[in-house]
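Peer 1: I would like to see how this sequence folds:
(one chain, ligands or ions: 1)
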Amino acid sequence: MGTLVRTSKFLSAARDINGIVTITMRRPPLNRMNLEFMSEFSNVLRDLERDNCPGAILTSYSNKVFSAGFDIGELCNPEPERFNDFYTEVQNNWTQLYGSTFPTVAVINGHAMAAGCLLALSCDYRVMIKNRTIGYNEMQMGLATPTWFTATMLNTVGHRHTELGVTLGKMFTTDEALNINLIDCVADSKEEGIQKALSFLEKFTHFLPKSYTFAKHSLRGPFIKQLKENQNEETQLAFRFLKDPEVIKKLEIVKDKEQTQFLTSKVA
Ligand SMILES: CC/C=C\CC/C=C/CC(=O)SCCNC(=O)CCNC(=O)[C@H](O)C(C)(C)COP(=O)(O)OP(=O)(O)OC[C@H]1O[C@@H](n2cnc3c(N)ncnc32)[C@H](O)[C@@H]1OP(=O)(O)O
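Peer 2: So this is what the prediction gives:
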């Protein structure tokens, strides 16, 4: 497991003897991403940058759900100030993870929906457990996929798979995801996934960190710059979208279900 370097309400980070840090998301039951979750995540990434981390693995405490994406509570008829804080934190988190100066691997040990899929795609390499699903399912929820989410998928699997994935709100099975290179390899268990992640990260011990950073930023830098230049517009666009009465109505239905779930503790 390694030495615990940071633990907070929703995340833990443990460092092994080679310095590799495993970040485990722990917001039961579904690792839904709210403002507090996102700020904790950004703090962990900031610490890893400061400590010249040689590599990181992102995974979930649950072998059923990697992350169910944004907490619908943050999207349903949002208050302007809270939504602005939430969405800004999400954007900052993406620029940190997608542009990290250290290599990252997602061990996708459960379903990865929408923003949960974005987290996995923002890493450098993806190992996924069999019989799980991954994708941008926003369409199915009556939502829309933000521009930088789409760009991240496009940069991973190309135009056609992204077009079909985003417009159909498609959740890919592990096998389908492997076929289109949405993920890089498959594992039978989280433990095997971690071993595969460590083997991938081991390759970087032979490279100069600054060479790796240069290569990564040549590929990803322009997309990060684009989001940074359009952050306010993206936030306003999403806010207006979420204030549409039809969208509010659709999300209210999901939110009501969520309250029922907490009352009955349906998900272990
Ligand atoms: C222009 C751009 C505009 C806006 C930006 C919009 C961007 C959005 C990005 C997102 O991330 S949107 C979130 C997308 N997430 C989902 O659609 C998750 C859907 N969830 C599922 O498919 C399943 O819950 C699961 C596969 C993750 C887990 O399945 P299972 O373990 O069987 O649990 P349940 O389906 O029974 O779910 C339990 C309970 O929790 C509620 N719930 C699920 N996900 C969320 C969520 N993200 N936020 C809030 N609540 C959620 C679900 O409705 C269930 O409620 P019940 O009352 O039926 O128990």
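
Peer 1: spatially, what comes nearest to the residue in the stretch 1-150 of the chain positioned nearest to the ligand if we skip its sequence neighbours?
Peer 2: Nearest residue of the stretch 1-150 of the chain to the ligand: Gly69, at 2.5 Å (CB to the nearest ligand atom). To be clear about C-beta, it is placed using only N, CA and C from the backbone, and glycine gets the same treatment. Computed as CB to CB, 6 or more residues apart in numbering, the closest residue to Gly69 that is not its neighbour in sequence is Ala114, at 3.4 Å.

Peer 1: what's near enough to touch the residue of the stretch 1-150 of the chain closest to the ligand?
Peer 2: Arg32, Met33, Met113, Ala114, Ala115, Gly116, Cys117, Leu118, Asn137 (CB atoms under 8 Å, 6 or more residues apart in numbering).

Peer 1: for Val166, same thing?
Peer 2: Tyr136, Glu138, Met139, Thr145, Thr150, Met153 are the contacts of Val166 under CB under 8 Å, 6+ apart.

Peer 1: which of those are buried? Put it as a ChimeraX command.
Peer 2: Buried subset of those, written as a ChimeraX selection, criterion 16 or more other CB atoms under 10 Å:
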select :136,138,139,145,150,153
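
Peer 1: of the contacts of Val166, which are in range of the ligand?
Peer 2: Checked against the ligand using CB under 6 Å from any ligand atom, the contacts of Val166 give the following subset in range: Glu138.

Peer 1: farthest pair within the contacts of Val166?
Peer 2: Between any two of the contacts of Val166, the greatest separation by CB to CB is 13.3 Å, found for Met139 and Met153.

Peer 1: phi and psi next, for Gly19.
Peer 2: As for Gly19, its main-chain torsions (degrees, to the nearest 10) stand at phi 90, psi -10.

Peer 1: how close does it sit to Pro103?
Peer 2: As judged by CB to CB, to the nearest Å, Gly19 and Pro103 stand 12 Å apart.

Peer 1: cool, Glu191 as well?
Peer 2: Taking CB to CB, one finds Glu191 at 20 Å from Pro103.

Peer 1: do the same with Thr59
Peer 2: In terms of CB to CB, Thr59 sits 15 Å off from Pro103.

Peer 1: with Asn232 instead?
Peer 2: In terms of CB to CB, Asn232 sits 31 Å off from Pro103.

Peer 1: rewinding a little: in JSON lines: the contacts of Val166, plus secondary structure and pLDDT.
Peer 2: Shown next, in JSON lines, are the contacts of Val166 (DSSP: H, G, I helix; E, B strand; the rest coil; pLDDT from 0 to 100):
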{"residue": "Tyr136", "secondary structure": "coil", "pLDDT": "98"}
{"residue": "Glu138", "secondary structure": "helix", "pLDDT": "96"}
{"residue": "Met139", "secondary structure": "helix", "pLDDT": "94"}
{"residue": "Thr145", "secondary structure": "coil", "pLDDT": "98"}
{"residue": "Thr150", "secondary structure": "helix", "pLDDT": "98"}
{"residue": "Met153", "secondary structure": "helix", "pLDDT": "98"}
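
Peer 1: returning to that earlier point: more neighbours, Asn232 and Pro103?
Peer 2: Pro103 (24 against 12; other CB atoms under 10 Å).

Peer 1: near the ligand, which residues of the stretch 51-200 of the chain show up?
Peer 2: Going by CB under 6 Å from any ligand atom, the residues of the stretch 51-200 of the chain near the ligand are 64-65, 68-72, 75, 111, 113-115, 137-138, 141, 143-144, 146.
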